[in-house]
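Enquirer: Pasting the sequence and the predicted model now:
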Amino acid sequence: MRKWHVAVVEDDEITRSRIIAYFHQEGYQVSEAANAVQLREILALQRVDLILLDINLPDENGLLLTRQLRERSDIGIILVTGRTDSVDRIVGLEMGADDYVTKPVELRELAVRVKNLLWRISLVEKAEQNACLPDNDRIIHFENYRLDIPKRKLWQGDNLIKLTRSEFELLLAFSRYPQQVLSRERLLSMISHRNDSPDERTIDVLIRRLRNKLHAELFTSIHSEGYLFSTDVE
């Protein structure tokens with residue numbers, strides 16, 4: 001069984017060394033980078049499963065780097081930052097991060113978050129490996145979209161629409177309860193995505209991203225109640 005490979009991207013040497021030592025002790029393969037350039041060198045040469053990414057890098061904006069990484073891959077991304085502003089957290093999620101923790105980092109908590117995210121990634125990988133044969137019962141149709149559950153892909157006609165892990169999970173949750181009002185709290189419980197302080201605004205961020213990628217009218221806001229998936233599902 002291969003070791004999970006975690007890349008720690010942090011410009012502060014003391015913080016970086018502390019995180020690296022802990023995850024080495026936990027049995028992970030760990031690579032380190034002090035800036036975005038070094039991270040790209042690592043990604044070009046090795047397979048990395050998850051990135052612990054500091055927002056405040058000396059050579060590049062960590063949030064923009066998150067967006068670039070997400071556009072190119074579905075790698076796990078946990079933002080680690082000294083910023084406590086909720087706006088930064090929301091922007092980080094909008095850019096495609098899977099999770100968000102603030103400094104000072106409690107290493108045991110960070111390890112649990114890493115473990116949980118890697119477990120979810122492993123489930124996705126297994127589903128994709130077991131999806132060699134067509135299974136019509138596991139393909140959901142709505143409007144002119146086709147949601148392939150085993151492959152975790154969304155198609156509009158012949159066009160593939162790229163979804164992050166959290167976007168896919170939320171869309172899948174909606175597709176299982178079409179034409180039903182779902183509260184933000186319930187939707188939050190149906191996705192594996194978590195940030196440093198999970199709250200219902202996480203759902204609003206994901207809904208906004210889905211509206212930008214699909215027909216916006218599919219997701220109806222119900223005042224003081226939540227959201228409704230306004231279509232029939234086959």
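Expert: Looks like it arrived, so ask away. Quick caveat: nothing in here was measured; it's all calculated off a predicted structure.
Enquirer: right, and residue 230 touches residue 179 too?
Expert: Yes - counting by C-beta atoms under 8 Å, residue 230 touches residue 179, with 7.1 Å between them. (Glycine included, C-beta is placed from N, CA and C.)
Enquirer: Now do the contacts for residue 88.
Expert: By C-beta atoms under 8 Å, 6 or more residues apart in numbering, the contact set of residue 88 is 55, 63, 81.
Enquirer: Looking only at neighbour counts, state which of residue 230 and residue 179 leads.
Expert: Taking other C-beta atoms under 10 Å, residue 230 and residue 179 do not tie; residue 230 has more neighbours (15 against 11).
Enquirer: Apart from its neighbours in sequence, what residue is nearest the more buried one?
Expert: Excluding its sequence neighbours, the residue lying closest to residue 230 (C-beta to C-beta, 6 or more residues apart in numbering) is residue 220, at 4.6 Å.
Enquirer: What is the nearest of the contacts of residue 88 to residue 108?
Expert: residue 81 (18.7 Å; C-beta to C-beta).
Enquirer: tell me the domain ranges of the protein?
Expert: Split into domains by automatic domain parsing, the chain comes to 5-129, 136-229.
Enquirer: Compare the ones you listed and say which comes out lowest on pLDDT.
Expert: Mean pLDDT per stretch puts domain 136-229 lowest among these, at a mean of 85.
Enquirer: That one: how far from the chain's middle?
Expert: 13 Å (C-alpha atoms, centre = their mean, to the nearest Å).
Enquirer: Which SSE is immediately downstream of the lengthiest helix in the chain?
Expert: In the chain, with assignment by DSSP state H, the single longest helix is helix 107-129. Toward the C-terminus, helix 107-129 is succeeded by strand 139-142 as the next helix or strand (DSSP states H and E).
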